[in-house]
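Student: Okay, here's the prediction I keep looking at, along with the sequence it came from:
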Amino acid sequence: MTDYSRRALVASPTPQAREAAAALADAWEWSPVDEADVVIALGGDGFMLQTLHAMLERRQLAVPVFGMNLGTVGFLMNEYRAHGLDERLARAKPFRVAPLQMTATGVDGRVHTLPAINEVSLLRETRQTAKLEVSINDRVVMPELACDGILAATPAGSTAYNLSAQGPILPLGSALIALTPISPFRPRRWRGAILPDKTRVDLRVLDPAKRPVSAVADQREVRDVAAVAIALDRARELTLLFDPEHALDDRITMEQFAA
């Protein structure tokens, strides 16, 4: 059995999360995040992403994260309960996620490397349609895509922005990446692609001066990009913990039948 005796507690700044954190702080003994075996995160999916990104940015030894939902959707979170934490951690099932790595080169030549747990998206900055060249593993597969943008999503992120853009839901453990256009104009009938997660995707902005494009890795944006490379970063794998009854893979499957 995994030892989760040293626990760290983090909470989103919402009043509900802060109130719950204060109650848990009085009921349990907590460790600093840098010394913990597990992190308990209170908030919504957005705060869970912030917590995971904080681990990646500090480059500390990644520890599992057990989230409890005090937000809106809570797709990546467990149900909030103030009791039974020992038993829940002992029974929790791990789910491992590897982030995408976005390497964005700006029109000024500066290079920005950022991780994305859900998706990397390119978005037009003005009323002008974005025009992009799409390459897969150094092969140009689409010389010109006219669109509002395009995104690459992991299985864990396929039910987020990707789904809203009419992209496919990817089963967990499928080792796939969804490449989904956002409001494509030409080619009009192209609806995206499902790629092996070993694939490298390169996106070059055509005429970036007239048609500026920004690149976003989850919640972090780089404006005025000239080119973006996207690949899975297996060296920075993270672990989420879920109650057995949470069944994240089942929830992702059932999203395909949601009204």
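Tutor: Structure received.

Student: Report the separation between Phe75 and Met55.
Tutor: 19 Å (CB to CB, to the nearest Å). Every residue, glycine included, has its C-beta placed from N, CA and C.

Student: can you check Ala11 too?
Tutor: Distance, Ala11 to Met55, by CB to CB: 16 Å.

Student: quick one: which of those two has more around it?
Tutor: Using other CB atoms under 10 Å as the criterion, Ala11 and Met55 rank with Ala11 on top: 22 against 17.

Student: For the spatially closest residue to Arg200 that is not a sequence neighbour, give the beta-bridge partners.
Tutor: Ranked by CB to CB, 6 or more residues apart in numbering and with sequence neighbours excluded, the top spatial neighbour of Arg200 is Ala231, at 4.6 Å. Going by DSSP bridges, Ala231 is paired in beta bridges with Gln101.

Student: Next, count neighbours for Ala231.
Tutor: Ala231: 19 neighbours (other CB under 10 Å).

Student: Arg139 too?
Tutor: By other CB under 10 Å, 8 other residues sit near Arg139.

Student: Just list the residues touching it, thanks.
Tutor: Contact analysis of Arg139 by CB atoms under 8 Å, 6 or more residues apart in numbering lists nothing.

Student: Also Leu114?
Tutor: The contact partners of Leu114, taken as CB under 8 Å, 6+ apart, are 101-102, 104, 217, 220, 222.

Student: Which of the residues you listed are buried? Put it as a PyMOL command.
Tutor: Command for PyMOL that selects the buried part of the contacts of Leu114, burial taken from 16 or more other CB atoms under 10 Å:
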select buried, resi 101+102+104+217+222
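
Student: Which of the contacts of Leu114 scores worst on pLDDT?
Tutor: Ranked by pLDDT, the contacts of Leu114 bottom out at Arg220, which has 92.

Student: tell me which element the nearest residue to that one once chain neighbours are set aside is part of?
Tutor: Leaving aside its sequence neighbours, Arg220 sits nearest to Leu114 (CB to CB, 6+ apart; 5.4 Å). Assigned by DSSP states H and E, Leu114 falls within strand 111-116.

Student: what's the helix or strand that that strand is followed by packed up against?
Tutor: Of the helices and strands lying after strand 111-116 in sequence (DSSP H and E), the nearest is strand 119-124. With contacts defined as 3 or more CB pairs under 8 Å, 6 or more residues apart in numbering; DSSP states H and E, the packing partners of strand 119-124 are strand 100-106, strand 130-136, strand 149-153, helix 161-164, strand 213-217, strand 225-232.

Student: Which one of those lies nearest to Ile182?
Tutor: Closest approach to Ile182 among those is made by strand 149-153 (4.0 Å; CB to CB).

Student: Report the strands that pair with that closest one, each with its relative direction.
Tutor: Sheet pairing of strand 149-153 (DSSP bridges) gives strand 119-124 (antiparallel), strand 176-182 (antiparallel).

Student: And the longest one, what's buried?
Tutor: Looking back up the chat, that one is strand 176-182. Using 16+ other CB under 10 Å as the test for burial, strand 176-182 gives 176-182.

Student: Many thanks, we can stop here.
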